[in-house]
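**Q** quick one, what's the 3D model for this:
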Amino acid sequence: MRFIKLATASVLSFLAGCVSTPLPPERPAPGPASLPPGASLPPPPTSLARSWDEYRLRAARRILQTSGSEAFAGQLPEVLQAIPVLQVQLNQDGSVRRIDVMRSPQFAPETIEMAANAIRRAAPFGPVAHLPHPWQFNETFLYNDDLKFQIRSLVESR
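**A** Now for the predicted structure:
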């Protein structure tokens with residue numbers, strides 16, 4: 001638990017000096033790794049999230065649900081390989097409008113595109129019109145040495 005608090009504090013200190021960098025134009029994301037051929041994504045939740053915190057947790061769960069073998073479970077390693085932080089801007093229906101890089105990892109820069117693809121693959125996340133503007137949230141991906149990720153929002157909610 002202490003490590004998680006220290007890791008969170010480190011991530012937040014990195015965020016303080018970050019500048020937003022837009023990702024290249026959207027390419028079709030690869031299909032979900034965990035779904036068999038011909039299967040479709042589950043629909044986004046039908047009930048509306050009451051806050052941005054709840055929305056972000058639902059989005060994080062959906063990202064994991066559609067990422068299959070790209071994610072890992074269990075304890076975080078003591079040292080992470082890469083920690084990209086992305087800002088996800090949404091349309092009214094919860095589809096992704098734009099993804100900006102808030103923090104680029106020094107090592108394994110390919111994790112930025114991997115994380116962005118995981119987000120695009122999981123979208124739409126559900127309507128946001130009832131939530132306050134701006135319609136966006138930040139998410140931090142925690143990559144291990146095998147370039148498998150956990151999502152900080154879910155690690156913190158345990």
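
**Q** just the pLDDT at the residue sitting nearest the centre point of the chain, thanks.
**A** Centroid-nearest residue in the chain: residue 139, 4.6 Å away (criterion: Cα atoms, centre = their mean). At residue 139, the pLDDT value in this model is 98.

**Q** which residues of the protein fall in helices?
**A** For the chain, applying DSSP state H gives helices covering 2-16, 52-65, 110-122, 152-157.

**Q** mean pLDDT for those helices: which is lowest?
**A** helix 2-16 (a mean of 49).

**Q** contacts only, for the nearest residue to residue 136 once chain neighbours are set aside.
**A** Once flanking residues are discounted, residue 136 sits nearest to residue 89: 4.5 Å by Cβ to Cβ, 6 or more residues apart in numbering. To be clear about C-beta, it is placed using only N, CA and C from the backbone, and glycine gets the same treatment. For residue 89, the contacting residues are 96-100, 134-136, by Cβ atoms under 8 Å, 6 or more residues apart in numbering.

**Q** now those residues in CSV, with pLDDT, distance to residue 123 and neighbour count?
**A** What follows is these, written out as CSV (pLDDT from 0 to 100; distance: Cβ to Cβ, whole Å; neighbours: other Cβ atoms under 10 Å):
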residue, pLDDT, distance to residue 123, neighbour count
96, 98, 5, 18
97, 98, 10, 12
98, 98, 12, 13
99, 99, 10, 23
100, 99, 15, 17
134, 96, 17, 11
135, 96, 13, 18
136, 97, 13, 16
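
**Q** give me the subset of those residues lying in strands.
**A** 96-100, 136 (DSSP state E).

**Q** sorry, back to before: gap between the residue nearest to residue 136 and residue 155?
**A** From residue 89 across to residue 155, the span is 23 Å (Cβ to Cβ, to the nearest Å).

**Q** identify each buried residue in stretch 100-108, please.
**A** By 16 or more other Cβ atoms under 10 Å, the buried positions in stretch 100-108 come out as 100-103, 105, 108.
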